[in-house]
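**Student:** Provided below for reference: sequence and predicted model.
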Amino acid sequence: MKKQHLFTLDVELVKRLHRKVRRGFRSSFVEEAIKNRLKGEEDYEIKDVATSKLAAMLMTRVQEQNNWEHTPLSLLLRELTE
């Protein structure tokens, strides 16, 4: 049995949902997201994060902490993010 219920969501979030999920599948998508969140399945392992994203995050941290322009680490990170 299904029940229609009204929730208030951020407009940008709704726009993203409409771009990502076709009409007719949005309710099931949202239902599955809520179930996963309640089960704790939103947790992820580091191996699930793309290498380029990790490299970009690390490059930002290194940049904020010191002069990173010409270090071997920064050159490697720059290469991984391109």
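**Tutor:** Cool, the structure landed.
**Student:** Chain neighbours aside, what residue packs nearest to Leu73?
**Tutor:** Distances taken as CB to CB, 6 or more residues apart in numbering place Val62 nearest to Leu73, at 6.5 Å, with adjacent residues excluded. Where C-beta positions appear, they are placed from N, C-alpha and C, glycine not excepted.
**Student:** Could you measure from that neighbour over to Leu54?
**Tutor:** Using CB to CB, to the nearest Å, Val62 is found at 12 Å from Leu54.
**Student:** Repeat that for Asp10.
**Tutor:** As for Asp10, its distance to Leu54 is 27 Å (criterion: CB to CB).
**Student:** Next, Leu77: secondary structure please.
**Tutor:** The three-state assignment at Leu77 reads helix, by DSSP: H, G, I helix; E, B strand; the rest coil.
**Student:** so what's it up against?
**Tutor:** Applying CB atoms under 8 Å, 6 or more residues apart in numbering to Leu77 gives the contacts Ala55, Ala56, Leu58, Met59, Val62.
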